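A.B. asks: mind folding the following:
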Amino acid sequence: MGNAGEVNTGVETSQERPQRKFFGLSQNVFVFGFVSMLTDFSSEVTVKILPLFLANALGVKPAIIGFIEGLAESTATILKWVFGWLSDRMKKRKWLAFSGYAISNVTKPLLYFVSSWPFAAFLRFADRTGKGVRSSPKDALLADSSEKKKLGRSFGYGRSMDTLGSVFGMLAAAGMVAASGSAAAMTLTRSIYQKLIIMVSIPAVLALPLIAAFVRENAPRTGNLRTLNLSLSGFDWRFKTFLVIIVVFTLGNSSDAFLMLKAQKAGLDIVQIFLMLAMWKGVTSALSIPAGIVSDRIGRNHVIRAGWLVYALVYLGFGLATQGWQVWALYALYGVYYAMTDGVASALVADLVPQSEKRGTAFGLYNAAVGVSALPASVIAGILWQRINPSAPFIFGSILAFVAMIALTVLMRASGRFEPSATA
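C.D. replies: The predicted model follows:
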């Protein structure tokens, strides 16, 4: 992997066009951190707890919830692929990212009017459309705006700020529910959900001016685009191998909706669930930057494999958990998994595809590998939940995580090509 970082593409990148630094981070990386924080303040409250609303207020079955979540993520998948490639072709990333944030942030307030699961599915679809438009161009812009030796730190900061917004959102939601006199309620009613949507709609809109005013376009201005297409051709075999392993892992990584349903089944009320989610995101926020820095020093794959091991143990724990305190402890460890893998995996993609003019497409392919697996993963989880028992989806996910971890270990040792990026 260190060798990959030395490829000379002839592309003018951020290293040749220095940006202002804030705490050692480029201006683009620093600003997008606050954009992510504001956006996730809204998203975690409106979108993440949508499954609870569907199950509690509308009586939607777990299999349908799994289908909605899987369809939403798979929708984003195709768009992440296409718009990542488009950002390479157009040599424009900033305004594609802006458009994606705008779509999502305008859509979320409409959840106030949801009264049936098809309408909820449509809005979830629209929200993920925005995610699909912005994700790959944004990640490519961040990679191009970061120093090679600080990629882990940059992506870790982004994930840290992202989850910090989630913490604030969940704490605010818990306070609102408690103040409404529904602290002991075991279900999420429509009136409470509508109040939450009103509360979180404004911060998301504030993210758009930040992008427009302070983010600089940093896409490559040169590069050979004749071989650039919507396929895996032209990419290193190591990158392709990583994508295959990601698919294996993601098939067992069903929607987090099932984790919240499990928490409710273990006896937690709505306020407790909000506080637990805030704790989960707080752990992720606190550890994302350290995990990214460690990956800069010892190599991404080591950190990712350790994170997958944590995930496997956590999901096995969810499968066996029956008490509320057990769910709390497992959610804390779940935050450790996210911190060790989310930003680090993105940094690994940037390592494996050092050519700036191909990074949008590369992030699109990576996101596609994750998203294509999301629909079957969530549908399988919903079926296992209903037809076997609520523990079955978690045990299945744990097994696949172990398989993916072992596969990455064996293949990386066999290839001898995944050296720590710090040696580049």
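
A.B. asks: residues near the nearest residue to Phe98 once chain neighbours are set aside, how many?
C.D. replies: With sequence-adjacent residues excluded and distances taken as C-beta to C-beta, 6 or more residues apart in numbering, Phe98 is closest to Ile211, at 4.8 Å. In this view, the C-beta of every residue, glycine as well, is placed from N, C-alpha and C. Around Ile211 sit 22 other residues, with neighbours defined as other C-beta atoms under 10 Å.

A.B. asks: what's the answer for Ile388, then?
C.D. replies: For Ile388, which is what you asked about, the neighbour count (other C-beta under 10 Å) is 12.

A.B. asks: for it, phi and psi?
C.D. replies: For Ile388, the backbone dihedrals (degrees, to the nearest 10) come out as phi -110, psi -80.

A.B. asks: for Tyr112, see how far away it is.
C.D. replies: The spacing between Ile388 and Tyr112, counted by C-beta to C-beta, to the nearest Å, is 36 Å.

A.B. asks: next: Leu287.
C.D. replies: Taken as C-beta to C-beta, the spacing of Leu287 relative to Tyr112 amounts to 34 Å.

A.B. asks: please say which of these two ends up with more neighbours.
C.D. replies: Using other C-beta under 10 Å as the criterion, Leu287 and Tyr112 rank with Leu287 on top: 21 against 16.

A.B. asks: from Leu375, how far off is that one?
C.D. replies: For Leu287, the distance to Leu375 under the criterion C-beta to C-beta works out to 29 Å.

A.B. asks: repeat for Ser99
C.D. replies: Between Ser99 and Leu375 the distance, using C-beta to C-beta, works out to 24 Å.

A.B. asks: more crowded one of the two?
C.D. replies: Leu375 (20 against 17).

A.B. asks: for that one, which non-adjacent residue is closest in space?
C.D. replies: Nearest non-adjacent residue to Leu375 (C-beta to C-beta, 6+ apart): Gly70, at 3.5 Å.

A.B. asks: so who does the most centrally placed residue in the chain touch?
C.D. replies: For the chain, Asp342 is the residue whose C-alpha lies nearest the centre (C-alpha atoms, centre = their mean; 6.5 Å). Residues in contact with Asp342, defined by C-beta atoms under 8 Å, 6 or more residues apart in numbering, are 159, 284, 288.

A.B. asks: so is it in a helix, a strand, or just coil?
C.D. replies: Three-state secondary structure (criterion: DSSP: H, G, I helix; E, B strand; the rest coil) places Asp342 in helix.

A.B. asks: please apply the same query to Pro354.
C.D. replies: coil.

A.B. asks: any idea of the pLDDT on Lys148?
C.D. replies: Looking at Lys148, its pLDDT reads 81.

A.B. asks: now pLDDT too, for the contacts of Asp342, in a markdown table please.
C.D. replies: Putting the contacts of Asp342 into a markdown table (pLDDT from 0 to 100) gives the following:
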| residue | pLDDT |
| --- | --- |
| Arg159 | 86 |
| Thr284 | 91 |
| Ser288 | 92 |
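
A.B. asks: let me have those residues in TSV, adding secondary structure as columns.
C.D. replies: Output for the contacts of Asp342, formatted as TSV (three-state DSSP):
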residue	secondary structure
Arg159	helix
Thr284	helix
Ser288	helix
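
A.B. asks: ok, the residue nearest to Gln323 when sequence neighbours are not counted to Pro393 distance?
C.D. replies: The spatially closest residue to Gln323, leaving aside those adjacent along the chain, is Ala266, at 6.2 Å (C-beta to C-beta, 6+ apart). Counting by C-beta to C-beta, the gap between Ala266 and Pro393 amounts to 15 Å.

A.B. asks: neighbour count winner among these two?
C.D. replies: Summary of the neighbour comparison: Ala266 and Pro393, criterion other C-beta under 10 Å, with Pro393 having more neighbours (31 against 19).

A.B. asks: name the element the more buried one belongs to?
C.D. replies: Secondary structure assigned from DSSP states H and E places Pro393 in helix 392-415.

A.B. asks: contacts for that helix?
C.D. replies: Helix 392-415 is contacted from outside by 238, 241-242, 245-246, 248-249, 251-254, 258, 262, 301, 304-305, 308-309, 311-313, 315-319, 380-382, 384-385, 418, using C-beta under 8 Å, 6+ apart.
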